[in-house]
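**Q** Any chance you can model this:
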Amino acid sequence: MRRDVFQAISDPTRRAIINLIAKETLNLNTVAEKFEISRPAISKHIKILTECGLITIRTEGRERFCEARLERLEAVSEWANQYNRFWNDKLDALQLHLSENGKSRKELKNKENEK
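**A** Numbers count the residues shown, from 1 in each chain. Below you'll find the model as predicted:
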């Protein structure tokens, strides 16, 4: 089953695993030691991350190492950016409205003070 990168990052443990191995390549036992959940649970998370292409497993002798492949997170960035543009447009419009409204209030106060 080919999984979606959004499914991978939906879980806090998987996000923590990604953060951990993004800094350095680690063997599976070292990854498992960093968490307070069972080794089989970590293996399941690693499998999901592998299936969605965020990590690869490299074997050296008897050791298996997790390497980050974070290029796949670009899809998440592109998806989030569309909402970033949306909110920036809304906030720009709000700022314009408030600045125009603020000018109107200042003008009214100045007229009241002149009386």
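**Q** I'd like to know which elements the worst-scoring helix or strand of the chain on mean pLDDT is packed against.
**A** Lowest by mean pLDDT, DSSP states H and E among the helices and strands of the chain is helix 74-114, with a mean of 79. For helix 74-114, the contact count by 3 or more C-beta pairs under 8 Å, 6 or more residues apart in numbering; DSSP states H and E identifies helix 5-9 as packing neighbours. C-betas here are computed from N, CA, C, even on glycine.
**Q** Residue 5 touches residue 51, doesn't it?
**A** No - contact between residue 5 and residue 51 fails when scored by C-beta atoms under 8 Å: they sit 10.2 Å apart.
**Q** Tell me what residue 68 is bridged to.
**A** residue 55 (DSSP bridges).
**Q** so it touches residue 19, yeah?
**A** No - in this structure residue 68 lies outside contact range of residue 19 using C-beta under 8 Å: 9.3 Å.
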